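*Asks:* Here is a sequence with its predicted model. Questions after.
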Amino acid sequence: QVQLVESGGGLVQAGGSLRLSCTASGRTFSTYAMGWFRQAPGKEREFVATIDWSGFTTYYADSVKGRFTISRDNAKNTGYLQMTSLKPEDTAVYYCAARRSSQAASNARLYDSWGQGTQVTVSS
């Protein structure tokens, strides 16, 4: 497993942007697929975006497609989630996750390691 630490959350107005980072420990990060998930108060954790080990394959939830971009820099052991055109309904705790597979996946159960989460609040 790898240890993951998210950063970059905060308070932003609707229409604004934020970039979340997820820094991993361990030299095997480049072989792991990554994902971002979020959980709003009173709701279940939901899939946001995922990326394979190479960075060439990505998938997004319909609710964020066209607004969010997932990427990674394996040399820095870091993944990113660039969020633009933010909406109040994007307010949630955002978690990054890694799985011991090269393939991207939207199912949270397939992930082995999770970060502690970072709060994103979008005001209207």
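*Replies:* Looks like it came in fine. Numbering: from 1, shown residues only.
*Asks:* What are the contacting residues of stretch 63-74?
*Replies:* Outside stretch 63-74, the residues that touch it by C-beta atoms under 8 Å, 6 or more residues apart in numbering are 29-30, 34, 36, 48-51, 53, 55, 58, 60, 78-86, 89-90. The C-beta positions use only the backbone N, C-alpha and C, and glycine is treated the same way.
*Asks:* again, only using 6 Å
*Replies:* The contact list for stretch 63-74 (C-beta atoms under 6 Å, 6 or more residues apart in numbering) reads 30, 48-49, 51, 55, 58, 79-85.
*Asks:* Just the buried residues of it, please?
*Replies:* By neighbour count with 16 or more other C-beta atoms under 10 Å, stretch 63-74 contains the buried residues V64, F68, T69, I70, R72.
*Asks:* So what are the sheet partners of the helix or strand the third one falls within and their directions?
*Replies:* It stands for T69. In the assignment (DSSP states H and E), T69 maps to strand 68-73. Using DSSP bridges, strand 68-73 pairs in its sheet with strand 78-83 (antiparallel).
*Asks:* following the partner strand, which helix or strand comes up?
*Replies:* strand 92-99.
*Asks:* so what's the most centrally placed residue in the chain up against?
*Replies:* In the chain, the residue lying closest to the centroid (C-alpha atoms, centre = their mean) is W36, at 2.5 Å. Going by C-beta under 6 Å, 6+ apart, W36 touches V48, A49, L81, C96.
*Asks:* Kindly recompute the last result at 8 Å.
*Replies:* W36 neighbours (C-beta under 8 Å, 6+ apart): L20, C22, V48, A49, T50, I70, G79, L81, Y94, Y95, C96, A97.
*Asks:* What's the local residue count around the fifth one?
*Replies:* Translated: T50. 25 (other C-beta atoms under 10 Å).
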